[in-house]
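Chemist: predicted coordinates and the sequence they were generated for:
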Amino acid sequence: MTTTTEPTANEPTAGEPTPAIIREYRIWMPRWVRRLPTWSRVGAILFLLLAASVWVRSRYVGGQFWMDEAIAVGISSHSLSAIPGVLRYDGSPPLYYLILHIWMSWFGNGEAATHWLSILFAELTVPIAYWGGLSFTRSRRAALTCATLFAFNGFLDYYALETRMYTLMALFGLLATIGFVRGFVFRERKYVLLFAASLALMLYTHNWGLFFGAGSFLSLIVLYYTGDAEIRENLVRDALAAFVGAAILFVPWIPNFFFQTVHTAAPWDTRPRFGVFVQIALGILGGGSIAVVMLLSAGVGYSPMFLKPRNMTRQTRVALMLVTIAAFTLATAWIASQVITPAWVVRYFAPVVPPILLLLGIGISRAGVIGAVALIFIICFMARPSAFEPQYKSDMQDIAGEVKSDLHPGDLVIVGQPEQTPLAYYYLPGGLRFANTIGAVKDPSYMNWVNAMKRYRAADPSKVVPKLLNSVKPGQQVLFIRPLTEGVANWEAPWTSLVRRRTAEWFQIIDKDKQFKEEAWAPHNYRGACCIADSAVLYVKK
C-alpha cells in the first residue's frame, strides 16, 4: 500500500524530505473542508484545542489554596507602590504580583478568580507554540503538534490551578525560546529584541530567569562553534546586545535582588540529587509512560538526522539549541543548588518546559504514523480533568469553616508552620491577632523570610510562648494550628525539621497551661491533602 503526505498539513522542512524508513500518512478530510482556506482550518483546530484545554484545566478552578497561593494573594493585596517593598521580605521578583494585584482589583481575590489568571497564561502558550513550531519548521503539522502538547501538558495543567507565577514564567520562556532560535539560529535580528525583552520579563517574574539566561548564554557558545560563517557573523555583537539589554532592563530591581540574595533563602528545600530525569518525566511531561512515548516517537522523528554523516542543517541546529537551552538551564540550577542555596523544586522548571515541548513536538511531527499514534495516545492520556490537577491542596479551608463561628475579634491564632500564617489569615475571619512559632506577627498577609532561619532558632519556646499567652485576656481564645508532620521524609530540610520540633514544643506548653481549657478541635473530617495538612485545637482562657 502506498502512502502520501498531506501537503497542507506537513510541508517539507528546510529541504529535508521525509525518509523512506518513516511510514507517512494522509489525513482524510471531507471535500468541503479541503476547500476552506488554510487559515480557517488551522484556526478551527486551534480553537478546539483551546476549548478542550480550558475545559480540562478549569474543572477544579475553585479549589482551595495552599500556603504559597495565600502568600501570593496576601502580597498582591497591598498597593502597587508597596508590593516591591513587601517582596524584600519574600525573595521573589515583582512582576507577577503587580499583575495579580490589577487582576484582583477587577475580579476579586477568590480561589476561582485568581486561578483563572494562571489558566489564561497557560492558554496563551497554545497559539504561541503553534507560531513557534511553524516558524521553526514551516510545517503546519509540526506547529499543530507543538500546540497540542502545550494544550494538554501536565506541568501547565497542574500550575494553571495555582495562584502563582509558574504559567506566566512558562509563557515568557516560550517567547524567549522562539526569540533565541529565530534571532540566533535563523539570524533574524529583530527576534534578538524579542529574546532580550522576554529574558528581562523572566528575570522580573522568577529568579530561575537567571538560570535560563545562563543556559541560553552557554547554548550560544555551542551555536558559535557548530555554526557556519553566516551564523557567526555578528553573533557575538547581537548576543552582547541581548544580554546587556536584558540586564539594563533589570537594573531597577537589582538593589532589592541583592537584599533578597543576602537575607532570604530557601531553608525549606534540600539539595537535589541525581533524580532530575525522573523529575522531568513526572513534573514536566506528566509521568513515566507518557515520557517514554514522547521520547521514543520524537526519537524516531529525529533519527534521520543522524543516520548519515552530513553537514549540520538548520533543523539540526534548532533541535540542538532546544536541547542545550533546557539542559544547560537545568544544569546551572542544579549546580547552584549544590554550592549556593537549594533552589530546586519541580514548580521552578517552568522556563525549560517550552524548549522541551517544542523539541518533542517537532520530533513527533516528523515520525509519520508512529508520531500520529503517539499524539493520539498523548491526548487520550493527558486530556483528562483528573489527570494532574490537585483537587484538595490544603485542609485550612475546612478548619476555618469549623471554627470561625467560635472565634471573636481579639482572639489569638498561633500557626505552627510560620509560612502557613497567610493561609490561615486568608480563610479565618477578620479582627483576629496572629502569631506563629517564631513570635507575634504584625502583618499576617505575607511571610517574612529575612534571616528566617536565624530568627527561628533564636525563638526559644519557653520564653516566647508564655509572653504570647499572657497577652490573652480571660474569656478570650487561642487557636493553635499544628501541621501534620507524620511523613518524616518530607520534613528533613533544615527549616521543616525545625518546624516539626518547634510545633511539638509549642503544643506541649500550651496544652499543659492550666489557665487554658480545650474547647474544640478541627477538622472532624480530614479528606487528605496533596500539599499541606493541619489540625487545630481551640482553647479558652479561664
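Modeler: Looks like it came in fine.

Chemist: which residue ranges of the stretch 201-350 of the chain form helices?
Modeler: Using DSSP state H, counting those that start in this stretch, the helices of the stretch 201-350 of the chain run over residues 208-226, 229-232, 235-250, 254-263, 276-279, 288-302, 304-307, 314-339.

Chemist: ok, which of the ones you listed comes nearest residue 516?
Modeler: Smallest distance to residue 516 across those (CB to CB): 35.9 Å, for helix 254-263. Every residue, glycine included, has its C-beta placed from N, CA and C.

Chemist: please name the nearest non-neighbouring residue to residue 116.
Modeler: In space, residue 116 comes closest to residue 61 once its chain neighbours are excluded; the distance is 6.5 Å by CB to CB, 6 or more residues apart in numbering.

Chemist: give me the phi and psi for that neighbour.
Modeler: The phi and psi values for residue 61, taken as degrees, to the nearest 10, are phi -60, psi -20.

Chemist: mind listing what it touches?
Modeler: Taking CB atoms under 8 Å, 6 or more residues apart in numbering, we find residue 61 in contact with 111-112, 115-116, 119, 161.

Chemist: one step back: nearest approach to residue 197 belongs to which of the helices of the stretch 201-350 of the chain?
Modeler: Using CB to CB as the measure, helix 235-250 is the one of these that comes nearest residue 197, at 7.5 Å.

Chemist: let me know the angle separating that closest one from helix 254-263.
Modeler: Angle between the axes of helix 235-250 and helix 254-263 is 80 degrees (criterion: axes from the mean of the first three to the mean of the last three CA atoms, to 10 degrees).

Chemist: give me the low-pLDDT residue ranges for this protein?
Modeler: For the chain, the stretches flagged by pLDDT under 70 are 1-25, 28-29, 32-33, 265-266, 268-270, 308-310, 385-391, 486-489.

Chemist: against residue 260, how distant is the residue most central in space within it?
Modeler: Centre of the chain computed as the mean C-alpha position; nearest residue by CA atoms, centre = their mean is residue 166, 2.9 Å away. The gap separating residue 166 from residue 260 is 19 Å, by CB to CB, to the nearest Å.

Chemist: also residue 471?
Modeler: Applying CB to CB, one obtains 32 Å for the distance of residue 471 from residue 260.

Chemist: these two: which is more packed in?
Modeler: When residue 471 and residue 260 are compared for neighbours, residue 260 comes out ahead with 21 against 13, by other CB atoms under 10 Å.

Chemist: settle this for me: that one is touching residue 85, isn't it.
Modeler: No - with contact defined as CB atoms under 8 Å, residue 260 and residue 85 do not form a contacting pair (11.9 Å).

Chemist: contact partners for the residue lying closest to residue 232 once chain neighbours are set aside?
Modeler: Among residues not flanking residue 232 along the chain, residue 224 sits closest, at 6.0 Å (CB to CB, 6+ apart). For residue 224, the contacting residues are 231-232, 235-236, by CB under 8 Å, 6+ apart.

Chemist: correct me, but residue 362 touches residue 318?
Modeler: Yes - using CB under 8 Å, residue 362 and residue 318 qualify as a contacting pair, with a distance of 7.5 Å.

Chemist: between the two, which is the more surrounded one?
Modeler: Shown here are residue 362 and residue 318; by other CB under 10 Å, residue 362 has more neighbours (27 against 21).

Chemist: skipping adjacent residues, who's closest to residue 299 in space?
Modeler: Nearest residue to residue 299 in three dimensions, chain neighbours excluded: residue 363, at 6.9 Å (CB to CB, 6+ apart).

Chemist: an error on my part: the question was meant for residue 62.
Modeler: Here the nearest residue to residue 62 in space, its sequence neighbours aside, is residue 112; by CB to CB, 6+ apart that works out to 4.2 Å.

Chemist: the one you found should be in a strand, yeah?
Modeler: No - applying DSSP: H, G, I helix; E, B strand; the rest coil, one finds residue 112 to be helix, outside a strand.

Chemist: ok, how many other residues are close to it?
Modeler: Other residues within reach of residue 112, judged by other CB under 10 Å, total 15.

Chemist: mind checking how far it is from residue 297?
Modeler: Taking CB to CB as the measure, residue 112 and residue 297 are separated by 36 Å.

Chemist: and if you look at residue 470?
Modeler: Counting by CB to CB - residue 470 and residue 297 are separated by 67 Å.

Chemist: show me the helices in the stretch 351-500 of the chain, by range?
Modeler: Under the criterion DSSP H, counting those that start in this stretch, the stretch 351-500 of the chain carries helices at the ranges 353-365, 368-382, 396-403, 421-427, 452-458, 461-470, 494-512.

Chemist: the next helix or strand after the longest one: partners in the sheet, and parallel or antiparallel?
Modeler: The reference is to helix 494-512. Later in the chain than helix 494-512, the nearest helix or strand by DSSP states H and E is strand 516-522. Partner strands for strand 516-522, per DSSP bridges, with pairing direction: strand 534-541 (antiparallel).

Chemist: orientation of the partner strand relative to helix 461-470 in degrees?
Modeler: Taking the same axes, to 10 degrees, one finds strand 534-541 and helix 461-470 inclined to each other by 60 degrees.

Chemist: buried ones in the one helix or strand residue 103 maps to?
Modeler: When secondary structure is defined by DSSP H and E, residue 103 falls within helix 95-107. Using 16 or more other CB atoms under 10 Å as the burial criterion, the residues of helix 95-107 that qualify are 95-101, 103-104.

Chemist: returning to what we had before: residue contacts, the closest residue in space to the residue nearest to the centre of the chain that isn't next to it in sequence?
Modeler: Distances taken as CB to CB, 6+ apart put residue 159 closest to residue 166, at 4.1 Å, once the chain neighbours are dropped. Applying CB under 8 Å, 6+ apart, one finds that residue 159 lies in contact with 118, 122, 166-167, 170, 347, 350.

Chemist: in stretch 473-487, what counts as buried?
Modeler: Under the neighbour-count criterion of 16+ other CB under 10 Å, stretch 473-487 has 476-483, 485 buried.

Chemist: may I see those residues organised as a markdown table, with distance to residue 459 added?
Modeler: As requested, these are exported to a markdown table (distance: CB to CB, whole Å):
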| residue | distance to residue 459 |
| --- | --- |
| 476 | 23 |
| 477 | 23 |
| 478 | 17 |
| 479 | 19 |
| 480 | 16 |
| 481 | 17 |
| 482 | 16 |
| 483 | 17 |
| 485 | 18 |
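
Chemist: buried subset of the contacts of residue 224 as a ChimeraX selection?
Modeler: Buried members of those, defined by 16+ other CB under 10 Å, are picked up in ChimeraX with:
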select :231,235
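
Chemist: and residue 283, how far from residue 335?
Modeler: Looking at residue 283 against residue 335, where the rule is CB to CB, the gap reads 19 Å.

Chemist: so these two - more neighbours on which side?
Modeler: When neighbours are counted by other CB under 10 Å, residue 283 and residue 335 differ, and residue 283 comes out ahead with 21 against 13.

Chemist: what's the burial count for the residue nearest to that one when sequence neighbours are not counted?
Modeler: Distance criterion CB to CB, 6+ apart; nearest residue to residue 283, sequence neighbours excluded, is residue 346 at 3.4 Å. Using other CB under 10 Å, residue 346 has 15 neighbouring residues.

Chemist: which ones are touching residue 346?
Modeler: Contacts here follow CB under 8 Å, 6+ apart; on that basis residue 346 touches 155, 279, 282-284.

Chemist: out of those residues, who's the most crowded?
Modeler: residue 155 (27 neighbours).
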